[in-house]
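Enquirer: build the 3D model from these lines:
(one chain, ligands or ions: 3)
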Amino acid sequence: MFRLISFLVLTFILGISCLEKSTLAKLKKFVNCESKAYKSSHAIYKDYWVLENYVLAEHGDIPCYSNVTYTTHADYTYLDNVVPLLERWRSPLSLAIYAPGTDFEPTIQSILYLLQCHPGHDLVRQLCSIHLYFDVEHLPQVVLPPETALKEPANCNGPPPYENVFKGNMYRARNTLDYPVNMGRNIARRASLTHYVLASDIELYPTPGLVPDYLHFLGRKVIGIPGQQPTSPLVHVLRIFEVMSNVSVPNTKPELQEMLKSGEAVPFHMEICEACHRGPNLEEWINASVVSQELNVFNVGHRSENNNNWEPIFVGTVEDPPYDERLTWEVSGTV
Ligand SMILES: *[C@@H]1O[C@H](CO)[C@@H](O)[C@H](O)[C@H]1NC(C)=O
Ligand SMILES: *[C@@H]1O[C@H](CO)[C@@H](O)[C@H](O)[C@H]1NC(C)=O
Ligand SMILES: *[C@@H]1O[C@H](CO)[C@@H](O)[C@H](O)[C@H]1NC(C)=O
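Expert: Ligands and ions are numbered 1, 2, ... in the order given. Next comes the predicted model:
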């Protein structure tokens, strides 16, 4: 069996990677947000310790209106996705990792591996903010301050510590702890330096160039009163597809259309939960050819009536309502 790789599609073309000054000036004027100080901190939140920004990205401070952050959650066994994701996203990533008890140590080893050994470590250092969280009842044996822990040399000779992990041996499995998925989603989104976020699952790889295309799109849309949010309470939903793991993820819509025709790509989770991901006008979207180099809205939908099971992935803002923290994933059911 091949693992399916999933990806998100919003834009049609490879984006131009730098933002025009006029767009930035417009966003600065119109987006109502406050930039944050970028630093590490820790606090107890509900029944969890949260180590926010345990790993600080080298990008440093970012004006809140000027970029989009991909916010997501994982345990250390999913960290193989970080570099492929960043190669396409190339913008800030805010990642919350659940690391209870003895899962903490391999989590740190995995992070060190990504920061020091992986061929993509420059991207990780530049773009990746990492937060750790664990139950107050399932503390790791030792939690060093990040300045100390991140100075340790990684073992670059061995395999990545996040690969080929037998999940039944993980602390979480042995203690039958649920995976607090929405806690992670909320931690990652709260820590975002930018107002606009793509809150997603780490296995969903976005279209290259999405962030500059999206910011240009916003720049074209903002009108009205400075300081008023141009888009709230709207969100911009992305389409999701999957390809077999032995073919590469398409970069453009024409490539995707070819792969859908040949059967190498399929709409996301069509067999598992069609209603959760189909969204309105899927066939029309697939069939429509690219008419503009610019990113645009294809159609407007509502999550109601026929679409009330829809679980869209979208670009929203840090002010969107939090995810319901009572929802967890059971031990065996992650992604
Ligand atoms: C977003 O931030 C990253 C990291 O600083 C930077 O490389 C990228 O160019 C920024 N994107 C835009 C559109 O300014
Ligand atoms: C990928 O795997 C499928 C199923 O085994 C096979 O039919 C297909 O030819 C493979 N494609 C490539 C490009 O290797
Ligand atoms: C697909 O697109 C073609 C032209 O682009 C159009 O003629 C056809 O009616 C469309 N089919 C569907 C099912 O939307």
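
Enquirer: when you work out contacts or count neighbours from here on, use the C-alpha atoms and nothing else.
Expert: Noted.

Enquirer: number of nearby residues for the residue lying closest to residue 183 once chain neighbours are set aside?
Expert: Excluding the flanking residues, the one nearest residue 183 by CA to CA, 6 or more residues apart in numbering is residue 325, at 5.4 Å. Close neighbours of residue 325, defined as other CA atoms under 10 Å, add up to 14.

Enquirer: what's the answer for residue 301, then?
Expert: Other residues near residue 301 number 11, with proximity taken as other CA under 10 Å.

Enquirer: could you count how many residues lie near the nearest residue in space to it that is not next to it in sequence?
Expert: Of all residues not flanking residue 301 in the chain, residue 280 sits nearest, at 6.2 Å (CA to CA, 6+ apart). Neighbours of residue 280 under the rule other CA under 10 Å: 16.

Enquirer: number the chain from 21, please
Expert: Okay, using 21 as the starting number, the last item reads as residue 300.

Enquirer: so residue 300, which of the three states?
Expert: At residue 300 the chain is in coil, as set by DSSP: H, G, I helix; E, B strand; the rest coil.

Enquirer: residue 337 versus that one, what's the distance?
Expert: Relative to residue 337, residue 300 is positioned 22 Å away (CA to CA, to the nearest Å).

Enquirer: cool, and residue 223?
Expert: For residue 223, the distance to residue 337 - CA to CA - is 21 Å.

Enquirer: thought residue 84 was touching residue 213?
Expert: Yes: counting by CA atoms under 8 Å, residue 84 touches residue 213, with 5.8 Å between them.

Enquirer: quick one on the thing from earlier: ok, the residue nearest to residue 203 - contacts?
Expert: Counting by CA atoms under 8 Å, 6 or more residues apart in numbering, residue 345 touches 200-203.

Enquirer: reformat those residues as TSV; add neighbour count and secondary structure.
Expert: Compiled in TSV, the contacts of residue 345 are given as follows (neighbours: other CA atoms under 10 Å; DSSP: H, G, I helix; E, B strand; the rest coil):
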residue	neighbour count	secondary structure
200	20	coil
201	25	helix
202	19	helix
203	24	helix
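
Enquirer: residue 132 is in contact with residue 174, correct?
Expert: Yes: counting by CA under 8 Å, residue 174 does reach residue 132; the two are 5.4 Å apart.

Enquirer: which one's more surrounded, those two?
Expert: With neighbours defined as other CA under 10 Å, residue 174 and residue 132 compare such that residue 132 has more, 23 against 19.

Enquirer: could you point out which element follows the helix or strand where that one lies?
Expert: Using DSSP states H and E, residue 132 sits within helix 124-136. Next along the chain after helix 124-136, taking DSSP H and E as the criterion, comes helix 141-147.

Enquirer: before I go, just wanted to say thanks for your time.
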